[in-house]
Structures are given as structure tokens and as C-alpha cells.
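[1] Okay, sequence plus prediction incoming.
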Amino acid sequence: AGRIVTALLVVGPVVALAAFVPLEWGHLIGLGDVVVAALFYLFTGFGIAVGFHRFFTHRSFKANRVLKVVLGVAGSMALEGSLISWVAIHRRHHMFGDQPGDPHSPYRYGPRSNGILRGFVWAHVGWLFSGDATDTKRFAPDLRRDQDLVVVDRLFPILAVSSLVIPFAAGFALYGTLSGAFTVF
């Protein structure tokens, strides 16, 4: 059931966007919609790149409590998994880089062209649907001890859904109509 929900949350908006934007540009979709979408993309993108990857996985910089929580929330809203699980998987990836045990190696399916394409898809999104759990006690014990991060981690399902609800609400707030809300969504 979790894989189906993940697929709907990851693939659904992309399919809807690809079908809806070309048909409705200039009618229901305009520059304001693109700006709101870009802002949410930047927020979640920084959450993954700066938050989950640079800060939580590698401890590349220090952050105060508020920034730590904001980065955790932003990364969670990118729909790539819960904070502690994502960090554990990524630390495992670095430990086993492109060797057996790497949870999202692009070399998983071999060097032939079909294997390279399948490996590319696996490395970028396929691993999200894997049942291969990474031991968070081994790979992310520091995050498991931080109560703020445990709360953010547990809130992942709500944050994932809110990453779809908030743009909808922003569209309603900007345009004051249900159709306006759907254009931002």
C-alpha cells in the first residue's frame, strides 16, 4: 500500500502537469501559477539538497533548531521518504558506493544500454519503491537521538500530503476560486 501511495504522490502530479499545462496555458494557468510552483519547487529542492543531503547526511554545516526543523520539513515535502530513513539510505549509499550493498546504484542492471537506462531510473526514483530497508540504528543513530528530528520523521505522511495541499490552498488564496486553486495545484 505504501508503494502505491508513493507512486501516486510522485507520478500523479507530473502526469497531471504534463497533460494540463499545454491545454490551459493562458486560460487557467498563467505566470502567477508558475511563480508559486517555482517557489514550492525551490523550497523542497533546498530541503533535499541542503537539508537532507548536506546538513543531515554529511553534517556540512551547523544550524540552529529552527533552521534544522525547517530543513527537515522542506526535505520531507519533496516526497523522497522520511528524514531518518532517507539519511540512513544515503549514508549506506556512500558507504557502499556502486558496490554490492549500495541501495541506489545506477549500475544495478549492468553495462548494456538497457541496463544503463534501467539503472538510471532505479538510481533516481526506483529505490523509492524498494522494500530493502536500511537499518536506521546503524546508519542514522545521531538523528534517532534528536527528538525534533524524530517528530519530523514521524510527520512524514502528513508533510507529504501537505506538499500537495499547500499549493492548492495558495491558489485558492491568490485567486479566490476553486478553479484558481486547481491551477496552482
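    Nice, I can see it. Numbering: from 1, shown residues only.
[2] Tell me where this protein has helices.
    Along the chain, counting by DSSP state H, helices occupy 2-24, 31-46, 65-76, 83-95, 113-124, 136-139, 141-144, 147-154, 156-175, 178-184.
[3] As a markdown table, those helices with distance to residue 102, mean neighbour count and mean pLDDT would be great.
    (C-beta placed from N, C-alpha, C; glycine too.) Compiled in a markdown table, these are given as follows (distance: least, CB to CB, whole Å; neighbours: other CB atoms under 10 Å; pLDDT from 0 to 100):
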| stretch | distance to residue 102 | mean neighbour count | mean pLDDT |
| --- | --- | --- | --- |
| helix 2-24 | 20 | 12 | 73 |
| helix 31-46 | 24 | 15 | 83 |
| helix 65-76 | 21 | 20 | 98 |
| helix 83-95 | 6 | 22 | 93 |
| helix 113-124 | 9 | 14 | 84 |
| helix 136-139 | 13 | 15 | 96 |
| helix 141-144 | 20 | 16 | 97 |
| helix 147-154 | 23 | 16 | 98 |
| helix 156-175 | 23 | 17 | 84 |
| helix 178-184 | 38 | 18 | 51 |
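[4] CSV for these, including distance to residue 58?
    Shown next, in CSV, are the helices of the chain (distance: least, CB to CB, whole Å):
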stretch, distance to residue 58
helix 2-24, 25
helix 31-46, 15
helix 65-76, 13
helix 83-95, 8
helix 113-124, 19
helix 136-139, 13
helix 141-144, 12
helix 147-154, 15
helix 156-175, 21
helix 178-184, 34
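[5] closest to residue 53 out of those?
    Nearest to residue 53, of all these, is helix 83-95, at 6.7 Å by CB to CB.
[6] List the contacts of that closest one.
    Helix 83-95 is contacted from outside by 52-53, 56-57, 72, 75-76, 80-81, 101-105, 127, 134-136, 138-140, 143-144, 149-150, 152-153, 156, using CB atoms under 8 Å, 6 or more residues apart in numbering.
[7] cool, and stretch 60-73?
    For stretch 60-73, the external contacting residues (CB under 8 Å, 6+ apart) are 46-47, 50-52, 54-56, 83, 148-149, 152-153, 155, 159.
[8] Convert that stretch to CSV, retaining C-alpha atoms only.
    Output of stretch 60-73 as CSV, limited to C-alpha atoms (Å, rounded to 0.1, in the frame of the first residue of the first chain):
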residue,chain,number,x,y,z
SER,A,60,28.5,20.0,6.4
PHE,A,61,27.4,23.0,8.5
LYS,A,62,25.8,23.9,11.8
ALA,A,63,22.2,25.0,12.0
ASN,A,64,20.1,26.4,14.9
ARG,A,65,17.0,24.5,16.0
VAL,A,66,14.5,26.4,13.8
LEU,A,67,16.6,26.0,10.6
LYS,A,68,17.1,22.3,11.4
VAL,A,69,13.4,21.8,11.7
VAL,A,70,12.6,23.9,8.6
LEU,A,71,15.2,21.9,6.5
GLY,A,72,13.7,18.6,7.8
VAL,A,73,10.1,19.7,6.9
